[in-house]
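S.K.: I would like the atomic coordinates for the input below:
(2 chains)
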Amino acid sequence: MNSIIKASAAALALGVASTSAFADAHSLAGELRIVSDMSNPAPRAVMEGLVADFGALNPDLNIELEIVDREAWKTQIRNALSANAPDVVNWYAATRMTPYVDAGLFMDISDLWEDPAMDALASTKGAMTLNGAQWGVPYTYYQWGVYYRKDIFEELGLEEPATWDQELANCQVIIDSGRKCYTIGTKFLWTAGGWFDYINSRTNGYEFHIQLANGEVEWTDERVRDTFANWRQLIDMGAFIDDHQSMSWQDAIPPFLNGDATAYLMGNFAVAAFRDGGLTDDQLDFYQFPQINPDVAPAEDAPTDTFHIPAAAQNVEAAKAFLLYVTSADVQGEINGGDALGQLPVNASASVSDDKFIQEGFEMLSDNASGGIMQFFDRDFPAEMASSGMEGLQEFMVFPDNLDDILERLEETRQRVYQ
Amino acid sequence: MTTTTAPTRSWYKRNEIAVTPWLFLIPGIIFFALYVIFPIFQSFWISFHEWDGLGEKTWVGTANYERLLGGDRKFGISFWNNVRWLALYLLAIPMGLFISLFLNQKVFGIRLYKSLFFFPFVISQVVVGLVFSWFYLPNDGLFDIIVGTVGIDVSGGILGNPNTATYGIITAGLWPQTAYCMILYLTGLNAVDPEQVEAARLDGAKGARMLWYVILPQLKPATFIAFVVTIIGALRSFDFIAVMTNGGPFGSTRVLSFYMFEESLSEFGFRMGYGAAIAVVLFFLMLIFITYFLWSMYQDEKGAR
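M.R.: Take a look at the predicted model:
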């Protein structure tokens, strides 16, 4: 704890120094057009704050900010990038960038990554790299992990599991007490992707998981079957709540709140909903997904949200300055703080919010994610593979006996998608 | 002194009657051509390409169709679901007729009942879909509670079970569609000739025979419209699916229009060529019905002359 405080103090000092130097070095003018998908109330305030602060540093720069609904942006970005492109846009890391990189719509900003200030972002450089170049900068990420009801664990005399055997043993106790181990809502599919990411990377390792995402391994491979066999242990013992295929991830929260299910594998963004639902920090806790194969280093899901410069941007200089600004340590610490995004800064020297879960996530990702950082199923796998894949995962969770059929279907898709 | 022929009238004046309607129609025709006719051919064109909507189109010939018709399971599911929609959606017509006969009375407050029955058609399909998905909720939903009292338990709830989900959605869709057919029949019933009914009554017709031989023939125009609207509604069903199941569980409730959207425009889509191929297949499916509609309208027009 002490070291973190020291680190953040140092980061703060460093950050202030770097921004002021940067403000002196440049005088930006003209117009900077930013289109952002940070449309939820808190992110929106963050984005508006960012623009206001950056504008104050560059009084000659006229910044025009347009905020687009986050879901709508997923389809609008295509038009935005090709016709009358803005100077800065929001998007996501990893394979999710591929269509725009391949179509030449994102600007190669490898030169920006050569800036020494960017060394603090080395952990996500891989996720921003495609075809040997970098195409954007990260501004936030968040950990995934198992959120559980501490009070129920205490009542049943359970400990946070570290291994798969402990996990299964815990789960049996929970089921015997008349509860379910896990809540989940798979109506919109992606939640099942989280389970696959974890079980697959814990069973076969990060390298294998990424090979599978890159289409280098057959879905019918024995190792993939091992993953599903492990998953099936949980399904067969009735670990997951019933009828999850007709629930969204929000619909799956009430069983967790009222104690019908004791844990939820989720991203850190769910904590706000848990707290709104009335859980206190005494009742709610977090553990890293347990080890399955002891020979495998743990990899973690930590999706990264990013800024990019469209290839057709008008004010490239200002856009790059803005990207440097949002990646600087103090800005990242500020926008990810508990009263702002409440997530993790990507910059290693940025201060981390003192929220319990953000701290735990930060420690987990810094000290215990030696396997690597995954972006999440629907960002690591190409779009078509991801959508077919998640549909198959959902089907597996309901009808595990269909596995052979599902894997053959996915293999068929793989052969078409990666050709 | 005789005057020579009057100065020739302008070309427009001479052809006024023939030309004026077309002048008024021109804006409509232009927009119809630009936004309906042209895109149809554009879809045909795109369906022969592989295209992500951003970069260059790659000509792939009929490859999209070969994949689509050569054992794409999702297409198969969508197609058969469309057939289910077509068949079951037609139930809206007899149901609408039944309700309208029931409501076609002069009782105090009947207008209120009529508007209540018509209400589902007025509210947005999205809202209807939401209401029904709550109704179907496993455990907490009213439907589950009702069937639970007679000991039926649909695993996963109506919308979570691949065997029942499509039927659940069609039922939701039938609610507003029945209301619409009801209104069509109510207006139709207003036009029923009371003298014919009186005459038939004198001849001793009543009940089912009266309905079948006297009332229904006079409702033929209303039936035709109801049929057209219902068929088209069934083929382009989309909102309910998007709201209630999003195509799931495991893609079992997809229909062609939804599959087309998924492939070409959704979050993980942008396979424009393939989506266009689906659209073309759907277009031909619709064309069968449209041809029939146009043909029967033409027959009617001929008969009227």
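S.K.: per-domain residue ranges of chain A.
M.R.: A:3-141+A:305-350, A:144-301+A:376-417 (automatic domain parsing).
S.K.: can the longest one be found next to chain B?
M.R.: Right, the one you point to is domain A:144-301+A:376-417. Yes: counting by CB under 8 Å from any CB of the partner chain, contacts between domain A:144-301+A:376-417 and chain B involve A:187-189, A:242-243, A:245-246, A:378, A:383-384, A:386-387, A:391-392, A:394-395, A:398, A:409. (Each C-beta comes from the backbone N, C-alpha and C, glycine too.)
S.K.: same question, the first one
M.R.: Yes: applying CB under 8 Å from any CB, one finds domain A:3-141+A:305-350 touching chain B at A:74, A:75, A:78, A:81, A:82, A:99, A:100, A:102, A:103, A:104, A:105.
S.K.: Would you write a ChimeraX line that selects the buried entries of those residues?
M.R.: Only the buried entries of the residues of domain A:3-141+A:305-350 next to chain B go into this ChimeraX selection, using 16 or more other CB atoms under 10 Å in any protein chain shown:
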select /A:74,78,81,82,99,100,103,105
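S.K.: Can you tell me which one of the residues of domain A:3-141+A:305-350 next to chain B sits lowest on pLDDT?
M.R.: Ranked by pLDDT, the residues of domain A:3-141+A:305-350 next to chain B bottom out at residue A:75, which has 83.
S.K.: chain center to the helix or strand hosting it: distance?
M.R.: Assigned by DSSP states H and E, residue A:75 belongs to helix A:70-82. Here helix A:70-82 is found 20 Å from its chain centre; the criterion is CA atoms, centre = their mean, to the nearest Å.
S.K.: before we move on, what about stretch B:125-143?
M.R.: Chain-centre distance of stretch B:125-143: 22 Å, with CA atoms, centre = their mean.
S.K.: That stretch: which residues count as buried?
M.R.: For stretch B:125-143, by 16+ other CB under 10 Å, it's B:125, B:128, B:129, B:132, B:133, B:135, B:136, B:137, B:138, B:141, B:143.
S.K.: try stretch A:235-255
M.R.: A:239-247, A:249, A:252-253, A:255.
S.K.: among these, which are in strands?
M.R.: Using DSSP state E to define strands, no part of the buried residues of stretch A:235-255 is located there.
S.K.: Now, the residues you listed that are in helices?
M.R.: Among those, DSSP state H puts A:253, A:255 in helices.
S.K.: biggest separation within the buried residues of stretch A:235-255, which pair?
M.R.: Longest distance between any two of the buried residues of stretch A:235-255 is 18.5 Å, between A:239 and A:246; criterion CB to CB.
S.K.: what does the stretch 101-250 of chain B have sitting close to chain A?
M.R.: Residues of the stretch 101-250 of chain B lying near chain A (CB under 8 Å from any CB): B:133, B:136-139, B:155-157, B:159-160, B:245-246, B:248-250.
S.K.: Which of those residues lies at the shortest distance from residue B:279?
M.R.: So of those, ranked by how close each gets to residue B:279 (CB to CB), first place is residue B:246, at 19.8 Å.
S.K.: any idea how far the closest one is from residue B:159?
M.R.: Distance check for residue B:246 against residue B:159: by CB to CB, to the nearest Å, it reads 10 Å.
S.K.: still on that earlier bit, including distance to residue B:170, could the domains of chain A go into CSV?
M.R.: Below are those laid out as CSV (distance: least, CB to CB, whole Å):
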stretch, distance to residue B:170
domain A:3-141+A:305-350, 27
domain A:144-301+A:376-417, 17
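S.K.: can you pull out the helices in the stretch 201-350 of chain A?
M.R.: For the stretch 201-350 of chain A, the helices defined by DSSP state H, counting those that start in this stretch cover A:222-236, A:253-257, A:270-276, A:316-327, A:329-335.
S.K.: Quick check: which of these is buried the most?
M.R.: helix A:329-335 (a mean of 24; mean count of other CB atoms under 10 Å in any protein chain shown).
S.K.: Could you point out which of the residues of domain A:3-141+A:305-350 next to chain B is nearest to chain B?
M.R.: Checking those against chain B by CB to the nearest CB gives residue A:103 as the nearest, at 3.9 Å.
S.K.: List the buried residues in stretch B:268-284.
M.R.: B:268-283.
S.K.: Chain A: which of these is nearest?
M.R.: Among the buried residues of stretch B:268-284, and counting by CB to the nearest CB, the member closest to chain A is residue B:268, at 3.8 Å.
S.K.: does the longest helix along chain B come close to chain A?
M.R.: Longest helix of chain B, by residue count under DSSP H: helix B:272-304. No: remark: helix B:272-304 sits outside contact range of chain A, by CB under 8 Å from any CB, the gap being at least 9.6 Å.
S.K.: Give me the spatial nearest neighbour of the residue of chain A positioned farthest from its centre, chain neighbours excluded.
M.R.: No residue in chain A sits farther from the centre than residue A:60, which is 35.6 Å out by CA atoms, centre = their mean. Once flanking residues are discounted, residue A:60 sits nearest to residue A:29: 4.3 Å by CB to CB, 6 or more residues apart in numbering or on different chains.
S.K.: next one: stretch B:251-262 to chain centre, how far?
M.R.: 16 Å.
S.K.: again, but for stretch B:85-97
M.R.: With CA atoms, centre = their mean, you get 11 Å for stretch B:85-97.
S.K.: do stretch B:233-245 as well
M.R.: On CA atoms, centre = their mean, the centre of stretch B:233-245 falls 11 Å from the chain's centre.
S.K.: Just the pLDDT at residue A:17, thanks.
M.R.: Confidence score, pLDDT, at residue A:17: 43.
S.K.: Now do the phi/psi pair for residue B:219.
M.R.: phi -90, psi 10 (degrees, to the nearest 10).
S.K.: State the pLDDT value of it.
M.R.: pLDDT, read off for residue B:219, is 91.
S.K.: hmm, which helix or strand of chain A has the shakiest average pLDDT?
M.R.: One helix or strand of chain A scores below all others by mean pLDDT, DSSP states H and E: helix A:2-25, with a mean of 46.
S.K.: Tell me the first helix or strand C-terminal of that one.
M.R.: strand A:30-36.
S.K.: I appreciate the help and will end here.
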